[in-house]
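Visitor: need coordinates for the below:
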Amino acid sequence: MSDEGQSEQTRQDPTEVHEQPDTEGEQLPEPGDEASVTSEMDEKPDHGEETYRGHDRLLDQVAVITGGDSGIGRAVALAFAREGADVVIAYLDGEDEDAEETARLVEDAGRRVVLVPTDLVEEEACRALVDRAVEEFGRIDVLVNNAAYQMAQPGGIADITTEQLDRVMRTNIYAMFWLCKMALPHMKAGASIINTSSVQSSSPSPELLDYATTKAGIVNFTRGLAQMVAEQGIRVNAVAPGPIWTPLIPATMPPEKVETFGQQTPMGRAGQPAEVATAFVYLASPESSYITGEVIAVTGGQPVTM
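Guide: Numbers count the residues shown, from 1 in each chain. Sure, this is the predicted structure:
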């Protein structure tokens, strides 16, 4: 095959790598209310099941991934496993079916997986997760703070209850803080923390005011902690996804928002979890050894500026 023929096989138009999901009428119960949300989706997300190929970038590392049962978390768990990492997955109680499917993908890649059903809004739950990871593997090489909660409120701030605000803050901010604090004593030079922010951190949607506030806080926390632990040889970075097609979208957004989800991007489509996972792999791997305190935007062209 000619060089030109080979390049045609590997070169892809990014606007056509994935089709825009057929989102019309797609609605799901709020996460946590059903045994599995992914299985109920008519338009299944692509986590890289058929496409992701590993190259031993994370060989024999131990990764803790929160919210690892579905969506971006599942794609990261799959990619990490195919890169050679063992994985501890924290997921919300009741999402066992999704978690077991993610575990199957990790085991099919030949790596160990530990499932921890929990709700990280409590400090002791975070402590128990770290203790379990250390008990099973003796250390933590990569901590991925990916678990998040959002609930759109089209009516604005008047409809955001104190209960919702508390849940969003505890899931998105408190749990990240607690897990970093508790995991760091078990992390050595070369280890990495990766937090999931969002395009919402700099371009907040009015109906996601509380969620967007936490995502901006994650960026600030990431940059501050990165400076704090750099001398220990531990890197802290964030990934800021744009509109990514996951179960969280049809479960927490009104139908009219779901139907047009992702079409506002310059690429004209929603992204897939598999397209985000590669950023986590890069930040966890030695290939990004001189990168800390940074945010990688995976947004289909929507700018993330802070």
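
Visitor: and the helices in this protein?
Guide: 3-10, 71-82, 96-108, 123-137, 162-169, 175-183, 209-229, 248-252, 255-259, 273-284 (DSSP state H).

Visitor: let me have these in TSV, extended by distance to residue 90, mean neighbour count and mean pLDDT.
Guide: Heads up, the C-betas are built off the backbone N, CA and C, glycines and all. As requested, the helices of the chain are exported to TSV (distance: least, Cβ to Cβ, whole Å; neighbours: other Cβ atoms under 10 Å; pLDDT from 0 to 100):
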stretch	distance to residue 90	mean neighbour count	mean pLDDT
helix 3-10	36	8	52
helix 71-82	9	29	97
helix 96-108	9	19	97
helix 123-137	5	17	98
helix 162-169	16	15	98
helix 175-183	9	22	98
helix 209-229	17	19	98
helix 248-252	16	22	74
helix 255-259	27	15	75
helix 273-284	15	23	97
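
Visitor: got those as JSON lines, with distance to residue 156 columns?
Guide: As requested, the helices of the chain are exported to JSON lines (distance: least, Cβ to Cβ, whole Å):
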{"stretch": "helix 3-10", "distance to residue 156": "47"}
{"stretch": "helix 71-82", "distance to residue 156": "26"}
{"stretch": "helix 96-108", "distance to residue 156": "32"}
{"stretch": "helix 123-137", "distance to residue 156": "31"}
{"stretch": "helix 162-169", "distance to residue 156": "13"}
{"stretch": "helix 175-183", "distance to residue 156": "26"}
{"stretch": "helix 209-229", "distance to residue 156": "7"}
{"stretch": "helix 248-252", "distance to residue 156": "16"}
{"stretch": "helix 255-259", "distance to residue 156": "14"}
{"stretch": "helix 273-284", "distance to residue 156": "29"}
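
Visitor: which one of the ones you listed lies closest to residue 53?
Guide: helix 71-82 (6.9 Å; Cβ to Cβ).

Visitor: next, the angle from that closest one to helix 96-108.
Guide: Inter-element angle recorded for helix 71-82 and helix 96-108: 20 degrees (by axes from the mean of the first three to the mean of the last three Cα atoms, to 10 degrees).

Visitor: pLDDT value on residue 22, please?
Guide: With respect to pLDDT, residue 22 scores 61.

Visitor: please renumber the chain so that the first residue is 9 from this point on.
Guide: In the new numbering, first residue 9, that becomes residue 30.

Visitor: so how far is residue 204 from residue 217?
Guide: 19 Å (Cβ to Cβ, to the nearest Å).

Visitor: now residue 163
Guide: Residue 163 is 27 Å from residue 204, by Cβ to Cβ.

Visitor: which one of the two has more residues nearby?
Guide: More neighbours surround residue 204 than the other of residue 163 and residue 204, with 24 against 10 (other Cβ atoms under 10 Å).

Visitor: report the separation between the residue lying closest to the more buried one once chain neighbours are set aside and residue 51.
Guide: Of all residues not flanking residue 204 in the chain, residue 154 sits nearest, at 4.5 Å (Cβ to Cβ, 6 or more residues apart in numbering). Shown here: residue 154 relative to residue 51, a distance of 21 Å by Cβ to Cβ.

Visitor: the two: which is more packed in?
Guide: residue 154 (24 against 14).

Visitor: from memory the more buried one sits against residue 83, does it?
Guide: No. Applying Cβ atoms under 8 Å as the test, residue 154 and residue 83 come out as separate, 10.0 Å apart.
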